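>>> A structural model of the following input is requested.
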Amino acid sequence: MRALITGASSGIGREMARLLAARGYELTLCARREERLRELAAELPTVCHIIAADISDEKECRLLYQAVRGDELEVVINNAGFGLFGRFEKTGLDEELRMIDTNIRAVHILTKLAVQDFTRRGRGYILNVASSAGFLPGPLMATYYATKNYVLRLTEAIREELRRQNSAVKICALCPGPVDTEFNRVAGVRFSLAGLDAARVAREALDGLFAGKALVVPGAAMKAMTLARHFAPDCLLARITYHFQHRKAGK
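Model prediction:
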């Protein structure tokens, strides 16, 4: 059994690697920071393959999948991603395009290739890390919220296609709220809500994936938010989101 994890060098990805190693999976760990990956691999009680790559580059993304594909590949976890805080006219276009390439195009490519292989084989698990942001319009983090909406809706649509084929392939979207990871520093924000423990989020995500859940939303507050959004129009949700976003501290 083998698993691929992108964004494995820290946060949720790192905790998922620890949990899958404990389950006996051979791991392929991918991120840009090779040294961090090697440090993680050294602590894990399983065979680990290290691939240092920038999956915002389509060529590197495709080469990554070619390196890991095969009958033993059972789990693909699309965890790599980042955010950016600020008014849309102020944030950098190049950085936003790199975010779109990482948060959307890389997830799309790896999901497409994995679904094609897994459906031919008749088994496999795909976990796409979206966000609670994917349920909402996101002023002051407009591009990030939009990317996570794409990941969420893509995953839900693929799941329905697989269900109608009676496929044994499982695909799940993880939609956490704030988590104690490096995301805050990279995005340039400080959340007003306390972040969930990354190990807890990783555990709930993998339990949900293997149980065949469509969606995993860790934490009571985020579960309540996903229900409450059905009772408010998008224009009001945008105003509420702006209020909470405005309380974050930019760089």
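>>> beyond the lengthiest helix in the chain, next helix or strand please.
Of all segments of type helix in the chain, defined using DSSP state H, the longest is helix 142-164. Next helix or strand after helix 142-164 toward the C-terminus (DSSP states H and E): strand 170-174.
>>> mean confidence score for that following strand?
Strand 170-174 carries an average pLDDT of 98.
>>> which helices and strands sit right next to that strand?
strand 125-129, helix 142-164, helix 198-210, strand 215-216 (3 or more C-beta pairs under 8 Å, 6 or more residues apart in numbering; DSSP states H and E). The C-beta positions use only the backbone N, C-alpha and C, and glycine is treated the same way.
>>> return the residues in contact with A142.
F88 (C-beta atoms under 8 Å, 6 or more residues apart in numbering).
>>> which strand or helix spans the closest residue to G124 other than its chain neighbours?
Closest residue in space to G124, ignoring its immediate chain neighbours: F118 at 3.1 Å, by C-beta to C-beta, 6 or more residues apart in numbering. Taking DSSP H and E as the definition, F118 sits inside helix 106-121.
>>> and the strands in the stretch 1-150 of the chain?
2-6, 26-31, 48-52, 73-78, 125-129 (DSSP state E, counting those that start in this stretch).
>>> now render those as CSV, adding distance to A17 and mean pLDDT.
What follows is the strands of the stretch 1-150 of the chain, written out as CSV (distance: least, C-beta to C-beta, whole Å; pLDDT from 0 to 100):
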stretch, distance to A17, mean pLDDT
strand 2-6, 6, 98
strand 26-31, 6, 98
strand 48-52, 8, 98
strand 73-78, 9, 98
strand 125-129, 13, 98
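>>> phi and psi next, for A211.
phi -80, psi 0 (degrees, to the nearest 10).
>>> what's near enough to touch it?
Counted by C-beta under 8 Å, 6+ apart, A211 has zero contacts.
>>> can you put the strands of the stretch 1-150 of the chain in CSV and add mean neighbour count and distance to L64?
Output for the strands of the stretch 1-150 of the chain, formatted as CSV (neighbours: other C-beta atoms under 10 Å; distance: least, C-beta to C-beta, whole Å):
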stretch, mean neighbour count, distance to L64
strand 2-6, 25, 8
strand 26-31, 24, 6
strand 48-52, 17, 6
strand 73-78, 24, 10
strand 125-129, 25, 15
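>>> mind putting these into JSON lines with distance to N103?
Formatted as JSON lines, these follow (distance: least, C-beta to C-beta, whole Å):
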{"stretch": "strand 2-6", "distance to N103": "11"}
{"stretch": "strand 26-31", "distance to N103": "15"}
{"stretch": "strand 48-52", "distance to N103": "19"}
{"stretch": "strand 73-78", "distance to N103": "9"}
{"stretch": "strand 125-129", "distance to N103": "9"}
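>>> and L110, which of these is closest to it?
Taking C-beta to C-beta, strand 73-78 is the member of the strands of the stretch 1-150 of the chain nearest to L110, at 5.5 Å.
>>> may I have the strands that pair with that closest one, each with its orientation?
Note on strand 73-78: by DSSP bridges, its sheet partners are strand 2-6 (parallel), strand 125-129 (parallel).
>>> identify the residues contacting the first one?
What it means is strand 2-6. 13, 16-17, 20, 25-31, 55, 64-65, 68, 70, 72-80, 106, 110.
>>> hmm, 6 Å instead?
Taking C-beta atoms under 6 Å, 6 or more residues apart in numbering as the criterion, the residues outside strand 2-6 that touch it are 13, 16-17, 20, 25-30, 55, 68, 72-73, 75-80.
>>> now the angle from that strand to strand 48-52?
Counting by axes from the mean of the first three to the mean of the last three C-alpha atoms, to 10 degrees, strand 2-6 points 30 degrees away from the direction of strand 48-52.
>>> what about A22, how many residues nearby?
11 (other C-beta atoms under 10 Å).
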